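> Provide a 3D model corresponding to the input given below.
(chains A and B)
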Amino acid sequence: MSAVTAVGAPRIWGLLAEFETPDELLHAARNARDEGYRRMDAYTPFPIHGLSDAMGFRPTKLPLLVLAGGLVGGLTALAAMWFSTTIHYPLNVAGKPFASWPMFVPITFEATVLFAALTAVFGMLGMNGLPMPYHPVFNAPRFAFASRDRFFLCIEARDPGFDLETTRAFLSRLGAREVVVVEE
Amino acid sequence: MSDVPRGGGQRSSGPPVIGPGHTYASVTDKISSIVLARRTPVFWVVGFFLSFLLAMGLLTALSYLFAKGLGIWGINQPVEWAFDIINFVWWIGIGHAGTLISAILLLLRQEWRTSINRFAEAMTLFAVACAGLFPIIHLGRPWLAYWLLPYPNTMALWPQWRSPLVWDVFAISTYATVSLLFWFVGLIPDLATLRDRARRKGFQVLYGMLAMGWRGSALHWHRYEMAYLLLAGLATPLVISVHTIVSFDFAVGIVPGWHSTIFPPYFVAGAIYAGFAMVLLLSIPLRKVYGLEDFITMRHLQNMAKVMLATGLVVGYGYVIEAFMAWYSANPYETYMMSNRMRGPYAPAYWALMLCNIVAPQFLWLKRVRSSPPALWAIALVVSIGMWLERFVIIVVSLHRDFLPSSWGMYSPTIWDWTTFLGTIGLFLALMFLFIRFLPMISIFEMRTLVPEAKPYGKEAVPEESVAGETG
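Numbering: from 1, shown residues only, chains lettered A, B, ... in the order given. Have a look, this model is predicted:
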């Protein structure tokens, strides 16, 4: 963490390498991983197939979270309907059963979908740490192109294998168009 | 072909879904420049002004309605439901195509959906907003609409869980919420693009806040794609459930012409039919004025025409079965309902409906018609009118003569019915105009995945097709 701190100088977040195509980025990510780098991230204008594998990401836990959210939603709705029609305010309509579950299906379904969808969106945003108004990587001068047509790989200073000169040379060897230091 | 990126990479047969010569940069610049351009096009100003005027008509009609009550409408006994519910069902149906395009076609890996999904989703959102208005304003005391929600109250009252009208409350509000989430999640990466490309400070701040600090991180995309896929999987059964529940509003009632098991599938097909007609109505002029023919190609228009033809045939089957069951059941009320539709005082509406919804789409069998945008636009307009007439026939014509001839009646809309209906069209169009001016109407990041250079492992990529042909 405290690899390159000099008093007064800005701390370094990492080294950002710019690539022109997804293939170059994939190639670089694989090599960086083989080289032993772990604390790194790529920045791309669209999702690139195979990048998650190249970066070594584990499958996300989001689906489990969404399943839990959906179950909570559906069970809450079902419980509310069951409670209100059998315990809190039982109303005899033409001798029909109080807990007439087939009539509860539509609302249970809608509540399941509603809670699952809310969990999917807010779960994704929460796991991604968004909203995040500031991030060091935005300090890189050409980073705006990450939302247009350029592909970036950032090896972060907190990686144990990070060394300003070695890592810079390594990234340049991978065919980076430009390698810049990102300040924190 | 399992290892292709979502929304792209897969080369299916037929003409390409994007014009030749595009790159990441060119699609980004082209779509974002529509939003970031300083000059607002003249047609936009005129169009927005006219729709805003209509929307002000809605405001007037609603103010008068809240002051005077439902008596200003043409509804009476026995026609208690009329324009309010017709318009509700019409609008909610229109919304369905947006979800179909964004969710179902995503799951089916139809890459042509990419350039039309964003504004189709916006269309869904605004159509649902218009639809949601009607159940509220058709209440005698609209300020008590919140009684439909389960909340702890001193009256110890609960909603009637067994009523499809209460199911509607849950279905529509869930649908509106999920549509909004889906649309917004899709927008986040594009908002980041706009933030990075905006020149004026105000827009940088505005888009910056909306983008929430999105930076295109690979780890974020990893979760983002999963969330988007899950949302699509959730929205697919949802959209079918919504119009099914809307059809229950009728099918659960015992009125002849309503009490029918065919309603759910027939309503869902009709919703998709009406929705695709509306997507065509909007996309044909939009691609023309903004020069987006490279992105919304003839292939898109032809595919939409084919979906319209297919769903139109399902709807046609529904009409035939309705008539057949009325005859085959030998139930005098059902038989009379059908003959009243065909020969009664509202017969012109029924025959116009047949003309609009069954005869008009048959022209789509012809390739010449499918590849002519003006002809498609005209058919889409006719179908939209036809779908409105369908709801008129189902609602008004069924209600005005049911069981007892002594309680028969007639219905005619008043000026306030029309002002409200046209007003919601104005509201819808005004929101659409605002949307195309301030947000990217085509998903930029998904379009990037369609350009030839986006194929991973570029060397083995399939040869680029050169012309936006018109086959298929």
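> use CA for all of it now, contacts and neighbours both
OK.
> relative to A:Phe145, how far out is A:Met40?
To A:Phe145, A:Met40 is 19 Å away according to Cα to Cα, to the nearest Å.
> then B:Pro164?
B:Pro164 is 51 Å from A:Phe145, by Cα to Cα.
> and the two? Which one has more around it.
B:Pro164 (23 against 19; other Cα atoms under 10 Å in any protein chain shown).
> run through who's touching the strand ranked longest in chain A.
When chain A is parsed with DSSP state E, its longest strand is strand A:12-19. Contact with strand A:12-19 is made by A:4-5, A:25, A:136-137, A:140, A:150-158, A:164, A:167-168, A:171-172, A:175-184, as judged by Cα atoms under 8 Å, 6 or more residues apart in numbering or on different chains.
> how far away from the center of its chain is the strand or helix carrying B:Phe66?
Using DSSP states H and E, B:Phe66 sits in helix B:42-68. Relative to the chain's own centre, helix B:42-68 is displaced by 21 Å; criterion: Cα atoms, centre = their mean, to the nearest Å.
> what's the next helix or strand after it packed up against?
Per DSSP H and E, helix B:42-68 leads on to helix B:83-99 as the next helix or strand towards the C-terminus. Packing partners of helix B:83-99 (3 or more Cα pairs under 8 Å, 6 or more residues apart in numbering or on different chains; DSSP states H and E): helix B:114-137, helix B:218-251, helix B:263-289, helix B:373-392, helix B:415-438.
> please name whichever of those is nearest to chain A.
helix B:218-251 (5.0 Å; Cα to the nearest Cα).
> okay, the angle between the closest one and helix B:83-99?
Counting by axes from the mean of the first three to the mean of the last three Cα atoms, to 10 degrees, helix B:218-251 lies at 150 degrees to helix B:83-99.
> quick check: buried residues in helix B:218-251?
Neighbour counts over helix B:218-251 (16 or more other Cα atoms under 10 Å in any protein chain shown) mark B:218-236, B:238-251 as buried.
> before we move on, the earlier item: select only the buried ones of the contacts of strand A:12-19 in PyMOL?
The PyMOL selection below is limited to those of the contacts of strand A:12-19 classed as buried (16+ other Cα under 10 Å):
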select buried, chain A and resi 4+25+137+150+151+152+153+154+155+156+157+158+167+168+171+172+175+176+179+181+182+183
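> out of the contacts of strand A:12-19, which sit inside helices?
Assigned to helices by DSSP state H, the following of the contacts of strand A:12-19 qualify: A:Leu25, A:Leu164, A:Thr167, A:Arg168, A:Leu171, A:Ser172.
> which residues touch the nearest residue to the last one once chain neighbours are set aside?
Just to be clear, that refers to A:Ser172. Spatial nearest neighbour of A:Ser172, excluding adjacent residues (Cα to Cα, 6 or more residues apart in numbering or on different chains): A:Val179 at 6.8 Å. A:Val179 makes contact with A:Leu15, A:Leu16, A:Ala17, A:Glu18, A:Arg168, A:Leu171, A:Ser172 under the criterion Cα under 8 Å, 6+ apart.
> what's the answer for A:Phe115, then?
A:Gly69, A:Gly70, A:Val72, A:Gly73, A:Gly74.
> with B:Ala61 instead?
Residues near B:Ala61 by Cα under 8 Å, 6+ apart: B:Trp416, B:Thr419, B:Thr420.
> and the residue nearest the centre of chain A, how close does it get to A:Trp13?
What sits nearest the mean C-alpha location of chain A, by Cα atoms, centre = their mean, is A:Asn128, with 3.9 Å. According to Cα to Cα, A:Asn128 stands 18 Å off from A:Trp13.
> and the strands in chain A?
A:12-19, A:40-43, A:151-156, A:178-183.
> now tabulate those in a markdown table and tack on mean pLDDT and distance to B:Leu389.
Listed next are those as a markdown table, based on pLDDT from 0 to 100; distance: least, Cα to Cα, whole Å:
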| stretch | mean pLDDT | distance to B:Leu389 |
| --- | --- | --- |
| strand A:12-19 | 89 | 57 |
| strand A:40-43 | 90 | 51 |
| strand A:151-156 | 90 | 53 |
| strand A:178-183 | 87 | 63 |
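> what's the closest of these to B:Ile284?
strand A:151-156 (34.5 Å; Cα to Cα).
> how far away from the center of its chain is that closest one?
Per Cα atoms, centre = their mean, the centroid offset for strand A:151-156 relative to its chain is 16 Å.
> what do you get for stretch A:89-107?
Relative to its parent chain, stretch A:89-107 has a centroid offset of 43 Å by Cα atoms, centre = their mean.
> just the pLDDT at the residue nearest to the centre of chain A, thanks.
pLDDT recorded at A:Asn128 is 91.
> got the contact list for it?
Contacts of A:Asn128 by Cα under 8 Å, 6+ apart are B:Leu219, B:His220, B:Arg223.
> make it 6 Å
Contact analysis of A:Asn128 by Cα atoms under 6 Å, 6 or more residues apart in numbering or on different chains lists B:His220.
> what do you get for A:Pro45?
The contact partners of A:Pro45, by Cα under 6 Å, 6+ apart, come to A:Ala146, A:Ser147, A:Arg148.
> of all those residues, which comes closest to B:Asp402?
Using Cα to Cα, the contacts of A:Pro45 come closest to B:Asp402 at A:Ser147, 61.1 Å.
> that closest one: neighbour count?
A:Ser147 has 29 nearby residues by other Cα under 10 Å.
> if we ignore the residues flanking it in sequence, what's nearest it?
A:Ser147 sits nearest to A:Pro45 (Cα to Cα, 6+ apart), 4.5 Å away.
> so B:Leu54 makes contact with B:Phe421?
No - contact between B:Leu54 and B:Phe421 fails when scored by Cα atoms under 6 Å: they sit 9.6 Å apart.
> nearest the geometric middle of chain B, what residue?
Geometric middle of chain B (Cα atoms, centre = their mean) lands on B:Gly95, at 2.3 Å.
> what about A:Gly175, distance to A:Leu25?
For A:Gly175, the distance to A:Leu25 - Cα to Cα - is 9 Å.
> hmm, I typed the wrong one, I wanted B:Trp161.
55 Å.
> any low-confidence regions in the chain?
Using chain A. Along chain A, the parts satisfying pLDDT under 70 run over A:1-9.
> hm, I was asking about chain B
B:1-15, B:454-472.
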